[in-house]
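Peer 1: mind looking at a prediction? Sequence and model below.
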Amino acid sequence: MSSALANNFFAKFVAWGLLSALAFHFVAGIKHLLMDANIGVTLEGGVKKAQITVVASAILIILAGVWVW
């Protein structure tokens, strides 16, 4: 099974896509947990958390791509 993933571009692409979705969902979930705890509920806090979510997700997505390939 691992050799199929190692030799197939489409399988790697699908694995990377799934890991990317999982990473974004995880980071956005943390953001929502902070909102539930009433942390950063202002407009400025929401914008800052959205920016942090995008940056953290991008870092995790790049790391997932490095790990898959």
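Peer 2: Structure received.
Peer 1: before we move on, which element is the closest residue to residue 68 other than its chain neighbours in?
Peer 2: Of all residues not flanking residue 68 in the chain, residue 16 sits nearest, at 4.6 Å (CB to CB, 6 or more residues apart in numbering). In this view, the C-beta of every residue, glycine as well, is placed from N, C-alpha and C. Residue 16 belongs to helix 9-36 when assigned by DSSP states H and E.
Peer 1: and the angle for the next helix or strand after that helix with helix 9-36?
Peer 2: Downstream of helix 9-36, the first helix or strand assigned by DSSP H and E is helix 43-68. Going by axes from the mean of the first three to the mean of the last three CA atoms, to 10 degrees, helix 43-68 is angled at 150 degrees with respect to helix 9-36.
Peer 1: which other helices and strands contact helix 43-68?
Peer 2: On a contact count with 3 or more CB pairs under 8 Å, 6 or more residues apart in numbering; DSSP states H and E, helix 43-68 meets helix 9-36.
Peer 1: which strands or helices does the helix it packs on pack on?
Peer 2: Packing contacts for helix 9-36, counted by 3+ CB pairs under 8 Å, 6+ apart, involve helix 2-7, helix 43-68.
Peer 1: ok so, going back, mind listing what's buried in the helix holding residue 16?
Peer 2: Using 16 or more other CB atoms under 10 Å as the test for burial, helix 9-36 gives 15, 16, 19, 20, 23, 24, 27, 28, 31.
Peer 1: tabulate those (JSON lines), appending distance to residue 50.
Peer 2: Shown next, in JSON lines, are the buried residues of helix 9-36 (distance: CB to CB, whole Å):
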{"residue": "15", "distance to residue 50": "27"}
{"residue": "16", "distance to residue 50": "24"}
{"residue": "19", "distance to residue 50": "22"}
{"residue": "20", "distance to residue 50": "18"}
{"residue": "23", "distance to residue 50": "16"}
{"residue": "24", "distance to residue 50": "12"}
{"residue": "27", "distance to residue 50": "11"}
{"residue": "28", "distance to residue 50": "9"}
{"residue": "31", "distance to residue 50": "8"}
